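Participant: Need a 3D model of the following:
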Amino acid sequence: MKNMFISKEMVKGLFDLVKSEEMLPSDFELIVFQDNDESFSFFYEEDRLCLPYYLDIEDDSNFRKVILNKYNLNVLSFYEELTECQNDLVFSLLHEFGHMVQMQQLGDDYEDFDDTDFDLRAEIIEKYEDEYEREVAYRNLNSEMFADQFAIQMINNHKDRIVDIIKNAKMNEPCPYGEFYSIWFRLICVDYKTL
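Facilitator: Numbers count the residues shown, from 1 in each chain. I've put the predicted structure just below:
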């Protein structure tokens, strides 16, 4: 399986797992936006997670090569019980949740950290023409290393729970592109808000 719809239940299940480990405040609200873009990203200032509508994995991804070389983790096959797409989704979501955890740990120092991180990202784009070298430099940024290591730690420590979350997630009917929805841990519910 090389592509799949990303269900809200999968996102919520993994988010709840991170929250249950008390790595984020109990009242942390996450705004999720799914659209046709194929990237995962977290916007700190808005507590907003952007996800692709469908996950479509590429066999020659530099991101996956760097993770394999740096951490000896194959992003597509670390859990035999899951498909390549499901494994890729687990790593990608936990990586983004790692950014949230780091933001919480930095607290008031976040703005200085974010400014420095932004400048370093711009330097990487200017300095490296080779896409693989650019990805290596990018993955060596403090924020990206933290998020990668966070994802790997969660993968190593919570296999049974993660596999259960992914395997038992309902594959809801696809929702309209560009839908916002909020996830609250405390209420253990999903509130859908379409803009």
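
Participant: And for His95, the neighbour number?
Facilitator: Counted with other CB atoms under 10 Å, residues neighbouring His95 total 23. Where you see a C-beta, it was placed from the backbone N, CA and C, and this is true even at glycine.

Participant: Who are the packing partners of the helix or strand hosting Glu126?
Facilitator: Assigned by DSSP states H and E, Glu126 falls within helix 110-127. With contacts defined as 3 or more CB pairs under 8 Å, 6 or more residues apart in numbering; DSSP states H and E, the packing partners of helix 110-127 are helix 131-139, helix 142-157.

Participant: so what secondary structure elements neighbour the longest helix along the chain?
Facilitator: Within the chain, and with DSSP state H defining each element, the longest helix by residue count is helix 84-106. For helix 84-106, the packing partners by 3+ CB pairs under 8 Å, 6+ apart come out as strand 3-5, helix 8-20, strand 41-43, strand 54-56, helix 142-157, helix 159-168.

Participant: Can you lay out those as JSON lines showing mean pLDDT and distance to Leu73?
Facilitator: Written out in JSON lines, the entries for those read as follows (pLDDT from 0 to 100; distance: least, CB to CB, whole Å):
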{"stretch": "strand 3-5", "mean pLDDT": "82", "distance to Leu73": "20"}
{"stretch": "helix 8-20", "mean pLDDT": "90", "distance to Leu73": "17"}
{"stretch": "strand 41-43", "mean pLDDT": "82", "distance to Leu73": "20"}
{"stretch": "strand 54-56", "mean pLDDT": "80", "distance to Leu73": "18"}
{"stretch": "helix 142-157", "mean pLDDT": "96", "distance to Leu73": "6"}
{"stretch": "helix 159-168", "mean pLDDT": "96", "distance to Leu73": "13"}
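
Participant: Need those in TSV (columns: distance to Ile124 and mean neighbour count).
Facilitator: Written out in TSV, the entries for these read as follows (distance: least, CB to CB, whole Å; neighbours: other CB atoms under 10 Å):
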stretch	distance to Ile124	mean neighbour count
strand 3-5	29	15
helix 8-20	27	20
strand 41-43	16	15
strand 54-56	25	15
helix 142-157	10	18
helix 159-168	31	15
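
Participant: Tabulate those in a markdown table, adding columns for distance to Asn69.
Facilitator: Below are the helices and strands packed on helix 84-106 laid out as a markdown table (distance: least, CB to CB, whole Å):
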| stretch | distance to Asn69 |
| --- | --- |
| strand 3-5 | 25 |
| helix 8-20 | 25 |
| strand 41-43 | 23 |
| strand 54-56 | 23 |
| helix 142-157 | 12 |
| helix 159-168 | 23 |
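
Participant: Poorly predicted segments of the protein, please.
Facilitator: The chain contains residues with pLDDT under 70 at 1, 35-38, 59-60, 111, 114, 171-195.
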